[in-house]
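Q: How does the following fold in three dimensions:
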Amino acid sequence: MRRLSLSIAMIGCLAQAAPAALPVEVQKARDLWKVGKYAEALEAFDALAKKPDLAPAVRDAIALGRADALDSTGEPDQAMTALREAAEAKDNKADNPDVWARLADLQFSRGDWDGAAASAQRALKAKADHLLARWVAARLLDARGQGEPAIAAFQWFVDYHNAHRDELLADPPALLIVGQATERYSKATLKGEDLRDETNNIINEIYEPALKADPNLWQAHWLEGRLFLANYQEGDARKDLTKALRINPSAAEVIVTLGQADLQGYKLADGRKKANRALEINPRMAAANVLLADLNISDERFLDARDNAKKAVAENPRDEDGLARLAAAARLLVDPLGAQAVESVVLANNPRPATFYAALAERLADRRKYHSAERAFLRSIEADGNRADSRIGLGMLYMQVGREAEARDLFDAAFDSDPLNVRAKNMRLILTHMASYRPVDTAHYTVLFDPTQDRLLAKYMSRYLESIHGELVKAFGYEPPGLTQIEIMKDHEKFSGRTVALPFIPTVGACTGKVVALASPKTSKAPFNWARVMKHEVVHVITLQQTEFNIPHWYTEALAVESEGFPRPQPWNKMLVERVPSRRKLLNLDTINLGFIRPDEPEDRQLAYCQAQLYAQYMLQRFGPDALIKMLAAYKRGLTTDRAIDECFHVAKPDFEAKYLDFLDQVVKTIQTRAGEEKPVKFSELERQLKAKPEDADLNARMAYEHFARRDYKLAKPFADKALKLRPNQPMASYVRARIFLAFGFDDEALAAIEPAFDPAKPDVRVLDLLAELKMKGGKLDEAEKLYEIGRKDDPQNSKWVASLARVHLRKKDPKVVNELVELANNDADELTLRKELVKRFVEMKDAANAEHWGHECLYVDVYDPECHTLMADALALGRKYEGAIEEFDVALSLKPKKPELIQVRRAKALHAAGRIDDAKVALDEILKKDPEQPEAKAARAEIK
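A: Predicted structure coming up:
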């Protein structure tokens, strides 16, 4: 049976003596507790407890209130002490079942099962149908793996509800206990439509009536939210959980459940904040530490995860959720004996621990420990055949390793068991959609595609994959066994659903280590270089399997980015210039994984990719060409990064990190950008500074620029004039004056204003750029070229200068433009226009090899563009690869180009050149039959004669 992970103590403790029988002061104190004012409530209960001559019933109510307040703030031991003192008071004429039941509830939550059983029995001896006592007794049976007796115990609540509906409507807290037990009974005994109907009944006939009777009963909203979240209906879950927090902002149980929703939706940073917030309220809350353990496992912080799991287990040594995280952390830290020891403890408590195995499997699957996770899922299903979540988890695992047929059976079974589960429903839809996909098999890959859309892409992708396979296998010294499965999903929504069962993930490619999925470029909003994505993901396939999935996130990304072979992007250079000199917000080996998984700022994810690649380059430079392979071998043996560095390179981690920073300094020196010399200043701060120093030329120039940037030329000019008066040729002021002249069409005046401000020894980037632009505009191309060369020398990795030089060389018809176009194309892997231009130019230059290279690059960006295929055909024909050229012309014609007859003529010429004279004649005759005067066809036909 499925057991919910959070304690229901906050519900059980409400089901006590009717509030109307208590003094007003006691009820007021309890009302403070109900809205989350725990400290005030405890203070009020403590004051009431000091009053003399309290009646036993009032004293017990105060003890129950104190226990609730203490437990809510992380003092369960004091809470139990207060209850024992009340229960064992000498003047008690009879046992108070409320006190004994609440004590049993606390003992159960602390793992004291024997004590909980004894206390529950004391309560039931005093009142045989005491709901909280029976609830504790039922959960004890379930926790011990006594399935049939536990089901019978839960059924008792269903029968009780049927027999006492009117009575229970007046007791909202009691309804919540009944609802919890009915959930357990339904999950254990019902399937399909019956389960769906009963779940809706629990909400509509139990929890909603409880809220109607007591609108401030936040626990009802919480329970509804948990029901929705268990079925992956996150939106509905958040609505109810938010309502609960409006009533009680300090409900740590609700905050943790919201954190679980964040984890489910991969909002890891938000989940961590909620877990920490819950621990601020209740420092000994086991569920909050379980959540932190989950988050740390997702963050690859396995030592921290183990610490959190230990804290959870310390609060409840029998808690299967905490023990599952402890076992998972041990496995991820390559401590199989430790994991086995934890499993043995669990089995001693419960011979059928389905919850333990399900949670263990989820965490191991999250870190791609597929074999261990599969075993745990199967053990969970064996322990409780009615659990839909275990089947769904195993189905998701099979999807990750390419066993879709087995996954389909599991999702079908899960959906039949629980039709409310959105994840099972969505994955069935994805698999139904994928049923029509067809494979293209090669020696090392199988590429699945939608035959109505991506047949062409699959053909070219399979060829590309085989073309890079040998190179990558040689580079890493490892070849994955069998065929690697590549799946081209029809659109981004299908890609997201197939990858994580969510409607959106912010990427177009993903790798599980066994399967690579790609969102089809044909339906993407913008073109992208699918070959670059494929190479990146295949490197993940190799390195993950090579290290038995022990490689940390940052290192597999480092190797994947380095293998792409493209220059470092300009935005990355900008980040390095801004962050390296000051060491501000740089990542290190302890934080770099978080940059990928839960970045603090949007830029941090890109910085993580950048720094990961630079770590790889640094290791190659410092430790030699085999450094990267040595690290892979260390990770395969299960070493942590710290131990791997020590074993591979014989240096301590602090030394490794210090020299890495030195390496970054050298990288920044090669960038040498001057664009960011002025530190950003808020306008209000600039006004204050200028008021303090009105005769400062630089401050006046900055103010002129600020007004100019706001297009307020009238205000900008006086500040620029003053700056130039204070310091003639001040660069920024000169720039502003020149730009104002340009805005009104005075080009000569602009040139006169900017030219004196240019300093060749230390050029201001704005002055240099504008001066070169004006020279080019005036037709002085040689002068413009010299200026742009200065900019390029000063800032060699900034593609702006390369683009400007290309513009000059285009106008000069200088062949050097080709080199600049190549550099620009390499700097932007997704740019298609430049790639097309390069094919044309290399064809004109009779450079077949380069023409073919850039023809391939065109197809890597858009395989559905007929012009790309035509250009590729021209390149192949130039290299006398006529059969390949004919194939490319055929593909171009199949894509319905605007002027097919011109392509048909070029195809006929390729046929002729290939020696297929008769085919060439037929092709030309067909063109001339449609248009007898088509000039290119006539000329080609005459040539054949």
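
Q: in the stretch 501-650 of the chain, which spans are helices?
A: For the stretch 501-650 of the chain, helices defined by DSSP state H, counting those that start in this stretch occupy the ranges 530-546, 553-564, 570-579, 592-597, 602-623, 627-636, 641-649.

Q: By mean pLDDT, show me the worst of those helices.
A: Here the helices of the stretch 501-650 of the chain differ in mean pLDDT, and the lowest is helix 592-597 at a mean of 88.

Q: for that one, packing partners?
A: helix 553-564, helix 602-623 (3 or more CB pairs under 8 Å, 6 or more residues apart in numbering; DSSP states H and E). Glycine gets a C-beta too; all of them are placed from N, C-alpha and C.

Q: Next, format those as CSV and append mean neighbour count.
A: Below are those laid out as CSV (neighbours: other CB atoms under 10 Å):
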stretch, mean neighbour count
helix 553-564, 22
helix 602-623, 19
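
Q: Lys929 is nearest to which of the helices of the stretch 501-650 of the chain?
A: Of all these, it is helix 530-546 that lies closest to Lys929, at 39.0 Å by CB to CB.

Q: what angle do that closest one and helix 553-564 make?
A: Angle between the axes of helix 530-546 and helix 553-564 is 140 degrees (criterion: axes from the mean of the first three to the mean of the last three CA atoms, to 10 degrees).

Q: packing partners for helix 530-546?
A: Contact here means 3+ CB pairs under 8 Å, 6+ apart; on that basis helix 530-546 packs against helix 455-476, strand 484-489, strand 509-511, strand 515-519, helix 553-564, helix 627-636, helix 848-861.

Q: Next, Pro552: phi, psi?
A: When quoted as degrees, to the nearest 10, the phi and psi of Pro552 stand at phi -70, psi 160.

Q: distance of it from Ser799?
A: Using CB to CB, to the nearest Å, we find Pro552 at a distance of 32 Å from Ser799.

Q: hang on, Asp450 packs against Ala435?
A: No. Checked against CB atoms under 8 Å, the pair Asp450 and Ala435 is beyond contact range at 10.8 Å.

Q: Comparing these two, which residue is more hemmed in?
A: Using other CB atoms under 10 Å, the more surrounded residue of Asp450 and Ala435 is Asp450, with 22 against 9.

Q: Not counting sequence-adjacent ones, nearest residue to the more buried one?
A: In space, and not counting its chain neighbours, Asp450 is closest to Lys490: 4.7 Å by CB to CB, 6 or more residues apart in numbering.

Q: Also Leu661?
A: Leaving aside its chain neighbours, Leu661 sits nearest to Arg583 (7.2 Å; criterion: CB to CB, 6+ apart).

Q: any idea how far Pro599 is from the one you found?
A: 18 Å.

Q: any idea whether Val440 is helix, strand or coil?
A: In three-state terms, and counting by DSSP: H, G, I helix; E, B strand; the rest coil, Val440 is strand.

Q: Is it in contact with Phe449, as I believe?
A: Yes. Between Val440 and Phe449 there is a contact at 7.0 Å, judged by CB under 8 Å.

Q: Between the two, which contacts overlap?
A: Taking CB atoms under 8 Å, 6 or more residues apart in numbering as the contact rule, Val440 and Phe449 both touch Ala458.

Q: Identify the residues contacting the residue lying closest to Leu832 once chain neighbours are set aside.
A: Of all residues not flanking Leu832 in the chain, Val861 sits nearest, at 4.6 Å (CB to CB, 6+ apart). Val861 makes contact with Pro527, Phe528, Asn529, Trp530, Ala829, Asp830, Glu831, Leu832, Arg835, Cys868, according to CB under 8 Å, 6+ apart.

Q: Just the buried residues from those residues, in PyMOL please.
A: In PyMOL syntax, the buried subset of these is picked out as below (16 or more other CB atoms under 10 Å):
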select buried, resi 527+528+529+530+829+831+832+835+868
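
Q: buried ones in stretch 879-889?
A: Gly879, Lys881, Tyr882, Gly884, Ala885, Ile886, Glu887, Glu888, Phe889.

Q: Look up the closest residue to the second one, ignoring the ones flanking it.
A: On the basis of CB to CB, 6+ apart, the spatially nearest residue to Lys881 that is not a chain neighbour turns out to be Glu852, at 7.8 Å.

Q: Count the residues that sit near that neighbour.
A: A total of 21 residues lie near Glu852 under the criterion other CB under 10 Å.

Q: pretty sure it contacts Gly879?
A: Yes. Between Glu852 and Gly879 there is a contact under CB under 8 Å: 5.9 Å.

Q: low-scoring stretches of the chain, by residue?
A: Within the chain, the stretches with pLDDT under 70 are 1-21, 672-678.

Q: Can I get the helices and strands packed on helix 592-597 in JSON lines including distance to Ala101?
A: Listed next are the helices and strands packed on helix 592-597 as JSON lines, based on distance: least, CB to CB, whole Å:
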{"stretch": "helix 553-564", "distance to Ala101": "48"}
{"stretch": "helix 602-623", "distance to Ala101": "50"}
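
Q: Any chance you could give me stretch 509-521 in PDB, C-alpha atoms only?
A: Output of stretch 509-521 as PDB, limited to C-alpha atoms (Å, rounded to 0.1, in the frame of the first residue of the first chain):
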ATOM      1  CA  GLY A 509      18.400  18.100 -27.000                       C
ATOM      2  CA  ALA A 510      18.700  15.700 -24.100                       C
ATOM      3  CA  CYS A 511      20.700  12.600 -23.200                       C
ATOM      4  CA  THR A 512      19.900   9.900 -20.600                       C
ATOM      5  CA  GLY A 513      23.100   8.100 -21.300                       C
ATOM      6  CA  LYS A 514      21.300   5.400 -23.300                       C
ATOM      7  CA  VAL A 515      19.000   7.500 -25.500                       C
ATOM      8  CA  VAL A 516      19.300  10.900 -27.100                       C
ATOM      9  CA  ALA A 517      16.200  12.900 -27.900                       C
ATOM     10  CA  LEU A 518      16.000  15.900 -30.100                       C
ATOM     11  CA  ALA A 519      13.200  18.400 -30.800                       C
ATOM     12  CA  SER A 520      12.700  18.500 -34.600                       C
ATOM     13  CA  PRO A 521      14.300  21.600 -36.100                       C
END
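
Q: roughly how far out does that stretch sit from the chain middle?
A: 14 Å (CA atoms, centre = their mean, to the nearest Å).

Q: again with stretch 699-713
A: Per CA atoms, centre = their mean, the centroid offset for stretch 699-713 relative to its chain is 41 Å.

Q: on that earlier part again, ok, of the buried residues of stretch 879-889, which one's closest to Glu25?
A: Of all the buried residues of stretch 879-889, the one sitting nearest Glu25 is Glu888; the distance, using CB to CB, is 88.8 Å.

Q: quick one: that closest one and Ala908, what's the gap?
A: Counting by CB to CB, the gap from Glu888 to Ala908 is 14 Å.

Q: Lys494 too?
A: Distance, Lys494 to Ala908, by CB to CB: 41 Å.

Q: Same check on Arg368?
A: Distance from Arg368 to Ala908, counting by CB to CB: 53 Å.

Q: out of these two, which sits in the more crowded spot?
A: Neighbours per residue (other CB under 10 Å) separate Arg368 from Ala908, with Ala908 holding more: 27 against 20.

Q: how many neighbours does the closest residue in space to the more buried one that isn't next to it in sequence have?
A: Sequence neighbours aside, Ala923 is the residue nearest to Ala908 in space, at 4.1 Å (criterion: CB to CB, 6+ apart). Using other CB under 10 Å, Ala923 has 23 other residues around it.

Q: for Ala923, what are its contacts?
A: Counting by CB under 8 Å, 6+ apart, Ala923 makes contact with Gln904, Arg907, Ala908, Leu911.

Q: Cool, thanks, signing off.
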